[in-house]
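>>> for reference, the sequence and a predicted model appear below.
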Amino acid sequence: MDCNKSKRQTAGTCASEGSACTAENTGSEESLDTLLGQKALDDRMRLIRHKIIVLSGKGGVGKSTVAANLAVSLALAGKRVGLLDVDIHGPSIPKMLGLDDAKVQIDNGAILPVEKAGLKVMSIGFLLENRDDAVIWRGPMKMGVIKQFLQDVDWGELDYLIIDSPPGTGDEPLSVCQLVKNADGAVIVTTPQDVATADVRKSITFCRQLNLPVLGVIENMSGFVCPKCGEVTDIFKTGGGESMANEMGVPFLGSIPIDPAVGEACDAGKPFVYHYSRTETAKAFERIIAPMLLLSERIADGSAVKTNKTKEGVVMKIAIPLAEGKLCMHFGHCEQFALMDVDEKAKKITGKQLLAPPAHEPGVLPRWLHEQGANVIIAGGMGSRAQSLFAENGIKVIVGAPGDEPEKVAIAYLDGTLKTGDNVCDH
Ligand code: ADP
């Protein structure tokens, strides 16, 4: 990854209206601004238990439709949910949720999300004078708007924040993924026609380069639901999403058919899964959120998670595989794991345990580390299947870390100075 690029992107400080871009600021003033901005963003994000970024290789595959319906499905499952639409070229969430005329309120300098049926919603579309206007932002302004937006929306405490990212693998989704630290992962939306294209594979590679776990792939517009009899016909070859996901070593979350009722619901501003909850298509959405609900239940299950809850909330526990006392490159064959409780704010290690892992078998280590309360693993290298298993267990994976003492690695991670190289055992 190009580090300079990321620095450039987080440096812009545009006003939210997009009118006053101060990207030309330089020097210490700018870096102080950047630091304070990132801190404000981190503070807001800390109140949100699970952050899920919805990505797609290109526009028009139903990414926003999926994001909106996942958010509503999670809210219907009794979770506190926010939906953030940062798709700055086509903010379609307001229309989909019947919030075209919603007005944004500002309180104490923070933007308050609009609430609908228990769901908190914020869209870049709310800030546009004319919702039908094509949005033409200049490069630095785009990044500034995305950043300001992430930073200034006051979500309060949430169980889930679903982020509808701009499509593709360019600078805009890159900004979103870099700014939202500690996201649980990405959900990648594709269609049967696009499975064969490089776009969706690029999205998976993009996540891997950013150490963002891929929670899974969704094949949208997979088969056609007859509006008369409800029968699903495969008008295009379907199922490619699942084989592609298997081939790339990422979970397949499920398929959603082309259902004319989905299009109609979107046009009418009615959340589909809410208004058509008994349909097979709505059930397909329900099945897709099951692993996302599991993320939460696993962490909430005190019997499974030994030590990562205190009265202040969830604390970070970092796992590092060791051989001869130093981080070892092949995590599946390590002698021991260092498990370190850390204070994220003070950037300090508050406790350390050395544990011998159970015998190496697929799936055992992620589950075992989850039971030990780990929520981050820092390793030299790791295969993509193992990365997905860790993601399913709510453990963030960092790969390409150097073979240093575990304390040094953990502190560098907390400081943001950990230098990661290639994933040295991507098999
Ligand atoms: P993206 O965010 O990828 O650009 P959208 O979510 O805006 O795509 O969807 C594009 C269009 O496709 C919208 O009109 C939406 O109603 C329609 N659409 C998306 N998914 C489905 C589906 N499963 N069945 C029917 N129409 C769909």
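Structure's in. What do you need? Numbering: from 1, shown residues only.

>>> interface residues of this protein facing the ligand?
Applying CB under 6 Å from any ligand atom, we find that the chain lies next to the ligand at 56, 59-65, 90, 92, 220-221, 256, 258-259, 262-263, 266. The C-beta positions use only the backbone N, C-alpha and C, and glycine is treated the same way.

>>> what is the strand or helix carrying Leu293 packed up against?
For Leu293, the enclosing helix or strand under DSSP states H and E is helix 280-300. Packed against helix 280-300 by the contact rule (3 or more CB pairs under 8 Å, 6 or more residues apart in numbering; DSSP states H and E) you find strand 48-56, helix 63-76, strand 158-164, strand 214-225, strand 252-258, helix 272-275.

>>> what does that helix contact?
Identification of contacts with helix 280-300 by CB atoms under 8 Å, 6 or more residues apart in numbering yields 49-50, 52, 69-70, 73-74, 77, 79, 159-160, 184, 215-216, 218, 225, 230, 232, 251, 253-257, 259, 261-262, 272-273, 276, 304-305, 308, 314, 370, 375, 392-394.

>>> relative to the whole chain's centre, how far out is stretch 346-361?
Distance of stretch 346-361 from the chain centroid (CA atoms, centre = their mean, to the nearest Å) equals 26 Å.

>>> cool, and stretch 157-175?
When C-alpha coordinates are averaged (CA atoms, centre = their mean), stretch 157-175 and its chain have centres 7 Å apart.

>>> flag the shaky bits of this structure, pLDDT-wise.
Along the chain, segments meeting pLDDT under 70 span 1-30, 130-138, 196, 235-239, 296-315, 424-427.

>>> and it, what are its domains?
Per automatic domain parsing, the structural domains of the chain span 41-297, 308-415.

>>> now the last one: how far from the chain's centre is it?
For domain 308-415, the gap between its own C-alpha mean and the chain's C-alpha mean amounts to 20 Å (CA atoms, centre = their mean).

>>> with the first one instead?
Remark: domain 41-297 is offset 10 Å from the chain centroid, using CA atoms, centre = their mean.

>>> now the helices for the stretch 1-150 of the chain?
Per DSSP state H, counting those that start in this stretch, the stretch 1-150 of the chain carries helices over the ranges 3-11, 27-46, 63-76, 93-96, 139-152.

>>> ok, residues contacting the shortest one?
If I follow you right, that is helix 93-96. Where contact means CB under 8 Å, 6+ apart, the residues beyond helix 93-96 that reach it are 64-65, 67-68, 83, 85, 87, 99-100, 102, 121, 123, 125-126, 131, 164, 266-267, 269, 271.

>>> and the residues you listed, which of them are buried?
64-65, 67-68, 83, 85, 87, 99, 102, 121, 123, 125-126, 164, 266, 271 (16 or more other CB atoms under 10 Å).

>>> just these now: which is nearest Pro113?
Val121 (5.7 Å; CB to CB).

>>> ok, what's across the strand from that closest one?
Beta bridges link Val121 to Leu83, Val114, judged by DSSP bridges.

>>> go ahead and confirm it touches Pro113.
Yes: using CB atoms under 8 Å, Val121 is in contact with Pro113, at 5.7 Å.

>>> so what sits against both of those two?
With contacts taken as CB under 8 Å, 6+ apart, the residues that reach both Val121 and Pro113 are Gly82.

>>> quick one on the thing from earlier: give the buried subset of the contacts of helix 280-300 as a ChimeraX selection command.
In ChimeraX syntax, the buried subset of those is picked out as below (16+ other CB under 10 Å):
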select :49,50,52,69,70,73,74,77,79,159,160,184,215,216,218,225,232,251,253,254,255,256,257,259,261,262,272,273,276,305,308,370,375,392,393,394
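
>>> show me what counts as buried in the helix or strand harbouring Phe337.
Assigned by DSSP H and E, Phe337 belongs to strand 336-343. Across strand 336-343, burial judged by 16+ other CB under 10 Å covers 336-342.

>>> look up how far the ligand lies from Gln209.
To the ligand, Gln209 is 22 Å away according to CB to the nearest ligand atom, to the nearest Å.

>>> circling back to that earlier point, among the helices and strands packed on helix 280-300, which is nearest Leu355?
Closest to Leu355 of those is strand 48-56 (CB to CB; 26.0 Å).

>>> put the alpha carbons of the closest one into CSV.
The C-alpha trace of strand 48-56 is given here as CSV (Å, rounded to 0.1, in the frame of the first residue of the first chain):
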residue,chain,number,x,y,z
ILE,A,48,-20.0,1.5,18.1
ARG,A,49,-19.5,-2.2,18.7
HIS,A,50,-19.5,-3.4,15.1
LYS,A,51,-18.6,-1.5,11.9
ILE,A,52,-19.3,-3.2,8.6
ILE,A,53,-18.3,-1.6,5.3
VAL,A,54,-20.4,-2.6,2.3
LEU,A,55,-18.3,-2.6,-0.9
SER,A,56,-18.7,-3.5,-4.5
